[in-house]
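# here's my sequence, what's the structure:
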Amino acid sequence: MSAGPGSPVVSGSAPPAGGFVRRVGLFQATAINMSQMCGIGPFVTIPLMVAAFGGPQAVIGFVAGAVLALCDGLVWAELGAAMPGSGGSYVYLRQAFQYRTGRLMPFLFVWTAMLFIPLIMSTGVVGFVQYLGYLAPGLGQTSGDLIGLGVIALVVLLLWRGIEHIAKITAVMWTVMIASVLLVIVAAASGFSPHLAFTYPAHAFDLTSDHFWLGFAAGLTIGIYDYLGYNTTAYMGAEIKDPGRVLPRSILFSILGIMAIYLLLQIGTLGVIDWHRMTNPHDVASTSVASAVLEKTWGKGAADTVTVLILVTAFASVFTGLLGGSRVPYDAARDRVFFRPYEKLHPKHRFPMLGLATMGVITAIGFLIGRHTDLATLIQLLTTVMVIVQALAQIVALTVLRRRQPALKRPYRMWLYPLPSIVAFAGWCVIYGYADKNSPGRHPIEWSLAWLALGCVAFLIWARLEKVWPFGAKEISEEYLTPQEPAVV
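Predicted coordinates for the structure are as follows:
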């Protein structure tokens with residue numbers, strides 16, 4: 001409801017009953033999170049983690065990533081259980097910051113999502129080309145670039161024509177991903193050498209060394225990248241059964257489950273492949289470590305087979321990622337929180353054309369950046385873009401909402417509040433603060449700040465066109481409060 005500038009009218013109404021149906025239970029919700037978390041990531045980041053730490057102590061990175069994911073997951077759990085709508089961060093930021101900055105924060109979330117979602121997809125294409133190089137050892141730089149761009153074009157083309165039976169495609173992706181991971185874990189167990197896995201270089205755990213902490217920050221960045229997706233069910237809160245119970249549990253169970261898988265995968269790989277091989281850019285273990293494990297334990301034929309499964313996993317992860325990501329600007333534009341052209345659907349197949357096209361182009365640019373720099377730099381860039389608006393602002397949003405909307409029904413409240421929030425906030429700050437040091441000459445912090453500043457300019461242009469705050473009425477909508485439970489304004 002609108003009012004004059006400086007005198008907002010507060011409305012409180014329950015979310016509309018129509019629309020989505022709550023049909024996703026705990027098992028399905030946990031599986032959805034895990035399928036988003038474990039795509040191509042672990043197959044391409046194990047060598048990066050080992051290089052960051054300089055030895056088998058790289059396992060620390062996956063554990064640290066799990067701790068950050070757990071603490072941040074508790075933030076998502078409380079917010080998602082209290083506001084189980086469709087949109088995730090978009091909803092939480094809108095509710096928390098509308099009192100002072102109108103629609104700025106949800107706008108900036110969509111703006112940054114337009115960059116970090118396709119950059120995540122571009123890492124999958126980089127991984128695809130890396131593993132394809134195992135099947136085609138003579139694959140050159142130019143050929144790899146063209147194949148990667150062709151994969152992106154194919155994904156966009158398939159999505160452009162409209163895709164039905166998405167659930168079946170997702171199920172195939174889940175099955176292939178699980179098969180790939182389990183085969184690598186079982187193969188590693190069959191040829192495991194404790195000497196390789198647990199022999200550490202000198203000063204590996206020297207906590208007084210700057211080298212250790214640089215490696216830890218880089219490893220934490222890689223680790224949290226591998227866990228991204230633990231919040232997927234928060235974005236589909238309107239479809240979750242009993243969200244106050246199911247949503248928090250799906251987040252926690254998926255993180256613990258993926259942590260177990262990653263530790264088995266990491267330790268098993270280190271017990272088969274000498275870690276020095278993973279840091280040698282001329283060794284196949286540095287780009288296709290899972291294939292190297294299979295080749296050493298079960299032979300070349302098994303390695304080729306699993307490599308094909310990994311290629312399918314990489315393609316499917318890019319497909320489903322762009323499918324969901326292209327809907328983010330569409331939903332925001334439809335809610336009048338982003339540029340209106342993004343709400344236009346294809347006249348026949350009913351998909352958001354501009355959102356898909358924009359993210360397809362950015363995915364291609366990100367892929368070329370990753371190919372011509374390195375994958376670690378690409379991961380640093382996408383995580384720094386995420387940190388300020390989604391990660392840090394959302395942690396602040398939890399505290400703001402506790403003060404602004406104390407009567408908001410919270411079926412789940414963060415354990416040991418505010419300790420997990422503080423740990424998560426500190427972890428994200430470590431990732432952000434060390435980004436430039438771990439990517440010398442690449443300046444991911446500067447790029448992320450430039451993108452955020454450009455987003456602020458875009459918001460002012462949009463706000464002027466829409467005649468909303470700061471150029472018009474400030475609108476406050478508290479749809480998750482009942483009329484009898486006003487907020488503190």
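
# got a list of contacts for stretch 136-155?
With contacts defined as C-beta atoms under 8 Å, 6 or more residues apart in numbering, stretch 136-155 is touched by 125-126, 128-129, 132-133, 284, 315, 318-319, 322, 360, 363-364, 367-368, 371. Every residue, glycine included, has its C-beta placed from N, CA and C.

# just to be sure, which of the residues you listed are found in helices?
125-126, 128-129, 132-133, 315, 318-319, 322, 360, 363-364, 367-368, 371 (DSSP state H).

# how about low-confidence regions in the stretch 101-250 of the chain?
162-171 (pLDDT under 70).

# at 90 what do you get?
Under the criterion pLDDT under 90, the flagged ranges of the stretch 101-250 of the chain are 117, 137-141, 155, 157-181, 202-204, 206-211, 228-244.

# show me where it has strands.
With DSSP state E, counting those that start in this stretch as the definition, the stretch 101-250 of the chain shows no strands.

# what about the helices in it?
Secondary structure of the stretch 101-250 of the chain (DSSP state H, counting those that start in this stretch): helices located at 104-135, 141-160, 166-190, 194-198, 210-227, 232-235, 243-270.

# which of those helices has the highest mean neighbour count?
Mean neighbour counts were compared across the helices of the stretch 101-250 of the chain using mean count of other C-beta atoms under 10 Å; the top stretch is helix 232-235, at a mean of 26.

# how far is it from where the chain is centred?
11 Å (C-alpha atoms, centre = their mean, to the nearest Å).

# tell me the helices and strands packed up against it.
Secondary-structure packing of helix 232-235 (3 or more C-beta pairs under 8 Å, 6 or more residues apart in numbering; DSSP states H and E): helix 26-37, helix 59-82, helix 243-270.

# can you put those in CSV and add distance to Ile476?
Below are the helices and strands packed on helix 232-235 laid out as CSV (distance: least, C-beta to C-beta, whole Å):
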stretch, distance to Ile476
helix 26-37, 31
helix 59-82, 17
helix 243-270, 24
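
# of those helices, which approaches Tyr227 most closely?
Using C-beta to C-beta as the measure, helix 59-82 is the one of the helices and strands packed on helix 232-235 that comes nearest Tyr227, at 4.0 Å.

# give me the mean pLDDT for stretch 353-373.
The predicted model assigns stretch 353-373 a mean pLDDT of 92.

# also stretch 451-467?
Rounded mean pLDDT across stretch 451-467 is 94.

# kindly report the same for stretch 396-404.
Taken as a whole, stretch 396-404 carries a mean pLDDT of 95.

# now that stretch, how far from the chain's geometric center?
23 Å.

# also stretch 136-154?
That offset, for stretch 136-154, works out to 24 Å (C-alpha atoms, centre = their mean).

# likewise for stretch 365-377?
Mean C-alpha position of stretch 365-377 versus that of the full chain (C-alpha atoms, centre = their mean) differs by 17 Å.

# return it as PDB; C-alpha atoms alone will do.
The C-alpha trace of stretch 365-377 is given here as PDB (Å, rounded to 0.1, in the frame of the first residue of the first chain):
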ATOM      1  CA  ILE A 365      31.700 -14.600 -20.800                       C
ATOM      2  CA  GLY A 366      32.400 -16.300 -17.500                       C
ATOM      3  CA  PHE A 367      33.500 -19.500 -19.200                       C
ATOM      4  CA  LEU A 368      36.000 -17.600 -21.400                       C
ATOM      5  CA  ILE A 369      37.300 -15.800 -18.200                       C
ATOM      6  CA  GLY A 370      37.800 -19.200 -16.500                       C
ATOM      7  CA  ARG A 371      39.500 -20.700 -19.500                       C
ATOM      8  CA  HIS A 372      41.900 -17.900 -20.000                       C
ATOM      9  CA  THR A 373      42.700 -17.200 -16.300                       C
ATOM     10  CA  ASP A 374      42.000 -20.200 -14.100                       C
ATOM     11  CA  LEU A 375      39.000 -21.800 -12.400                       C
ATOM     12  CA  ALA A 376      40.100 -20.600  -9.000                       C
ATOM     13  CA  THR A 377      39.900 -17.000 -10.100                       C
END
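
# what residues does it touch?
44-45, 48, 51-52, 118-119, 121-123, 125-127, 129-130, 141, 144-145, 148-149, 152, 218, 222, 378, 381-382, 438-439, 442, 444.

# now do the buried residues in it.
366-371, 374-377 (16 or more other C-beta atoms under 10 Å).

# likewise stretch 458-478?
459, 462-463, 466, 468-469, 473-478.

# just the closest of the residues you listed to Ile251, please.
Once C-beta to C-beta is applied, the member of those that ends up nearest Ile251 is Glu478, at 24.6 Å.

# isn't Ile445 right up against Tyr432?
Yes. Counting by C-beta atoms under 8 Å, Ile445 touches Tyr432, with 6.8 Å between them.

# okay, the two: which has more neighbours?
Ranked by neighbour count (other C-beta atoms under 10 Å), Ile445 and Tyr432 place Tyr432 first, with 22 against 19.

# residues in contact with that one?
Shown in contact with Tyr432 (C-beta under 8 Å, 6+ apart): 383-384, 387-388, 445.

# most neighbours, which of these?
Thr384 (27 neighbours).

# can you get me a residue count around the nearest residue to it once chain neighbours are set aside?
Spatial nearest neighbour of Thr384, excluding adjacent residues (C-beta to C-beta, 6 or more residues apart in numbering): Ser448 at 4.1 Å. Residues lying near Ser448 (other C-beta under 10 Å) number 25.

# so Gly61 touches Ala217, yeah?
No. Contact criterion C-beta under 8 Å: Gly61 and Ala217 do not qualify, at 9.8 Å.

# follow-up on the earlier one: among the helices of the stretch 101-250 of the chain, which comes closest to Asp72?
Taking the helices of the stretch 101-250 of the chain one by one with C-beta to C-beta, helix 210-227 is closest: 8.1 Å.

# what's that closest one packed up against?
By 3+ C-beta pairs under 8 Å, 6+ apart, helix 210-227 packs against helix 41-53, helix 59-82, helix 243-270, helix 375-386, helix 419-433, helix 435-438.

# quick one: closest of those helices to Leu157.
Checked against C-beta to C-beta, the stretch from the helices and strands packed on helix 210-227 lying closest is helix 375-386, at 23.7 Å.

# between that closest one and helix 419-433, how big is the angle?
Here helix 375-386 runs at an angle of 130 degrees relative to helix 419-433 (axes from the mean of the first three to the mean of the last three C-alpha atoms, to 10 degrees).

# figure out how far the following helix or strand past helix 375-386 is from the centre of its chain.
Using DSSP states H and E, the helix or strand that follows helix 375-386 towards the C-terminus is helix 393-404. Once both centres are worked out by C-alpha atoms, centre = their mean, helix 393-404 turns out to sit 21 Å from its chain's centre.

# angle of helix 393-404 against helix 59-82?
Using the same axes, to 10 degrees: helix 393-404 against helix 59-82 is 40 degrees.

# before we move on, back to that, for Trp160, find the nearest of the helices and strands packed on helix 210-227.
Nearest of these (C-beta to C-beta): helix 375-386, 24.2 Å.

# between Ile445 and Tyr432, what contacts are shared?
Between them, Ile445 and Tyr432 share the contacting residues Thr384, judged by C-beta under 8 Å, 6+ apart.

# now stretch 411-424: buried residues?
Buried residues in stretch 411-424 (16+ other C-beta under 10 Å): 411-412, 414, 420-421, 423-424.

# farthest-apart pair in the residues you listed, please.
It's Pro411 and Val423 that sit farthest apart of the buried residues of stretch 411-424, by C-beta to C-beta, at 22.8 Å.

# what pLDDT does Val10 get?
pLDDT, Val10: 38.

# and the residue lying closest to His203 once chain neighbours are set aside, how many neighbours?
Once flanking residues are discounted, His203 sits nearest to Ser209: 6.4 Å by C-beta to C-beta, 6+ apart. Neighbour count of Ser209, defined by other C-beta under 10 Å: 12.
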